[in-house]
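Undergrad: kindly return the folded structure for what I paste below:
(one chain, ligands or ions: 1)
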Amino acid sequence: MGLSGVEVRGLLSLCLGGSGGVWGAGLEEVGLGEASIPGCGCVRAVVAVRLLTFADFPDGVSASREGAGGRGGGGQVDVPGSEEPWAGRLRSVKSVVKRTTSDLRRHNRSILLSALYVQGPTSRNKLTRVSGLSSATVSNVVSQLLAEGLIAEGGSEDSDGGRPRSVLEIRPDYGSVIGVDIGETHVRIGLFDWTLSVIASEVYPIAGTRLDAESVAALVLQGISDVTRAAGVDPADLLGVGVGVPGAVQPDPRIPGRMLVHAPTLGWSGVALGEMLAPGVAAPLMLDNCARTLGQAEMWRGVGQGADRVVTALIGVGVGAALGSGTEGGTTGLAPATIEWGHTVIYAGGLPCRCGSRGCLEAYVGADAILHRYQATLGSQPFHASGTEGRLAELTARAATDPVAMETLEKIGEYIGIGIGNLINLLHPDLVVLSGWAGSVMGGVVLPTVRETAERHALSYLRGRTRIEVGRLGQEAVAMGAATLPVAHLLSTGGRRPEVVSGPGSGVGSVSGTVPGSGSGAGAWA
Ligand SMILES: [Zn+2]
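TA: Residues are numbered from 1 along each chain as shown. From the prediction side, this is the model:
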């Protein structure tokens, strides 16, 4: 596209009309004076800026028509005609342009890093193809990422009869992350490299203890100290710490930047968990709902890879779900949104649920409900194990020889199948992943019944479209999900380590919580 006789390879458009200063940036072509910029219906004044590619400037994007503007930086804005009446506004908008060029630089790093993260070893040619960036830009950004140790040359691949092409890959040893799984029966701390391979893990049963937030926070800090010491990792070198909580993480309306956890199943209402943890965590700290983060882990590293529309069904003491959509592994798709699946009613006037309603799915398939059903059945045997997790594992193992145990789990499989049938009718997923600690423990035994029942309850035109699988991330799944938070942040910043900024009211390290409206609900699962 040409503009005023100047070759334009990228375009940034600004609207200076209306109430002032709406901007949009991108590489799409926008016609001078006739563009509609997202967020602004006004087209009174649109100016265009030529964006040179990264290849032109070693440290990123510059914007210039005449080659001015300087390396690395600022935007030389070309305004057709007189400066008046825009000159004043233009000065203020120039600062936006500077931010925007920086955003583009970060955006391009993020695109390439995410592509390598999701696709694994990839040649520069393929990176150029999938990213839509110019080969010069790819070359420039790849050089930066290599120099910074985020990626490495990783062997070679054949290239249609030509010379073998070298491939690039993520360097797992660039850094490690912590994932914290706070449940109703345990706190699990996982140390992962940043490609999410487990380095060390510790689990601390908390059943029977009082779940006051201060005690849980102290346990989390102890766990972080334990796993990092065991692995010989300096906690200050961590790329970040992600915490998955069985509830909602929402901004404190009174203190900007502070995040509060609302987790009815733990008895937490407005708990400033980040603030409790921050003094003991040297790395950036992030909190989010555990079903959302688990869904993210399943789509990145679990059975959800490559699926388009995935429901992750999380079964523990509580029951929840998350719906995510992904492309090529999900890092470029929509982050999962939570669903209060456990409190959908499957039996009118049925068993009382702790939410106050009756007949909720959770009242039938939550881990405590399953154990209660078995123990209340004539012919059941006493458990040798103690604790909910130990007993459910014992019940599952017993199903091979104990007809009462088998009958109990078949009934549970039927209830889960009804719940999944409802999900299929409502959400049309192409994959449902049975996950959570209880889902993982009994998944193999109940899966045939779950599939058969869900098929029976799904609408005929939806039957056969949805696969149902047991998650393959095992007992580390929720901790791994939490660990995706700092990894996702690192990918979104193009591999820039965020600075840790703690302070009064910050609540956490540097970044935290969920995006408002992104779907975190008052979860009720463990
Ligand atoms: Zn309920």
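Undergrad: drop to CA atoms for contacts and neighbour counts, all remaining ones
TA: OK.
Undergrad: could you chop this structure up by domain?
TA: Here the domain assignment for the chain is 2-105, 108-171, 174-294+477-492, 303-472, based on automatic domain parsing.
Undergrad: could I get the ones you listed as JSON lines with mean neighbour count, mean pLDDT and distance to the ion?
TA: Converted to JSON lines, the domains of the chain look like this (neighbours: other CA atoms under 10 Å; pLDDT from 0 to 100; distance: least, CA to the ion, whole Å):
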{"stretch": "domain 2-105", "mean neighbour count": "17", "mean pLDDT": "38", "distance to the ion": "40"}
{"stretch": "domain 108-171", "mean neighbour count": "17", "mean pLDDT": "88", "distance to the ion": "37"}
{"stretch": "domain 174-294+477-492", "mean neighbour count": "22", "mean pLDDT": "91", "distance to the ion": "11"}
{"stretch": "domain 303-472", "mean neighbour count": "20", "mean pLDDT": "91", "distance to the ion": "4"}
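Undergrad: and the helix or strand hosting Asn422, what other elements does it pack with?
TA: For Asn422, the element it lies in under DSSP states H and E is helix 403-427. Packing partners of helix 403-427 (3 or more CA pairs under 8 Å, 6 or more residues apart in numbering; DSSP states H and E): helix 362-365, helix 367-375, helix 388-398, helix 436-457.
Undergrad: in JSON lines: these, plus distance to Leu426.
TA: Below are these laid out as JSON lines (distance: least, CA to CA, whole Å):
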{"stretch": "helix 362-365", "distance to Leu426": "18"}
{"stretch": "helix 367-375", "distance to Leu426": "25"}
{"stretch": "helix 388-398", "distance to Leu426": "30"}
{"stretch": "helix 436-457", "distance to Leu426": "12"}
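Undergrad: so which residues of the stretch 201-350 of the chain form helices?
TA: 213-231, 273-277, 290-301 (DSSP state H, counting those that start in this stretch).
Undergrad: could you redo those helices as TSV and give each row distance to Thr388?
TA: Output for the helices of the stretch 201-350 of the chain, formatted as TSV (distance: least, CA to CA, whole Å):
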stretch	distance to Thr388
helix 213-231	19
helix 273-277	25
helix 290-301	20
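Undergrad: quick revisit: off-centre distance for the helix holding Asn422?
TA: Remark: helix 403-427 is offset 28 Å from the chain centroid, using CA atoms, centre = their mean, to the nearest Å.
Undergrad: for stretch 247-255, same thing?
TA: Put simply, stretch 247-255 sits 19 Å off its chain's centre (CA atoms, centre = their mean).
Undergrad: restrict that stretch to CA atoms and write it as PDB.
TA: Taking Å, rounded to 0.1, in the frame of the first residue of the first chain, the C-alpha atoms of stretch 247-255 are listed here in PDB:
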ATOM      1  CA  GLY A 247     -12.700 -19.700  44.200                       C
ATOM      2  CA  ALA A 248     -12.800 -16.300  42.600                       C
ATOM      3  CA  VAL A 249     -10.000 -13.800  42.600                       C
ATOM      4  CA  GLN A 250     -11.300 -10.300  42.200                       C
ATOM      5  CA  PRO A 251     -10.000  -6.700  42.700                       C
ATOM      6  CA  ASP A 252     -10.500  -5.100  46.000                       C
ATOM      7  CA  PRO A 253     -12.900  -2.200  45.300                       C
ATOM      8  CA  ARG A 254     -11.300  -0.100  48.100                       C
ATOM      9  CA  ILE A 255      -7.700  -0.600  47.300                       C
END
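Undergrad: tell me where the stretch 201-350 of the chain has strands.
TA: In the stretch 201-350 of the chain, the strands defined using DSSP state E, counting those that start in this stretch lie at 240-245, 248-251, 259-263, 268-271, 285-289, 309-315, 319-325, 334-339.
Undergrad: so which elements touch the first one?
TA: Contact here means 3+ CA pairs under 8 Å, 6+ apart; on that basis strand 240-245 packs against strand 176-182, strand 285-289, helix 290-301, helix 477-492.
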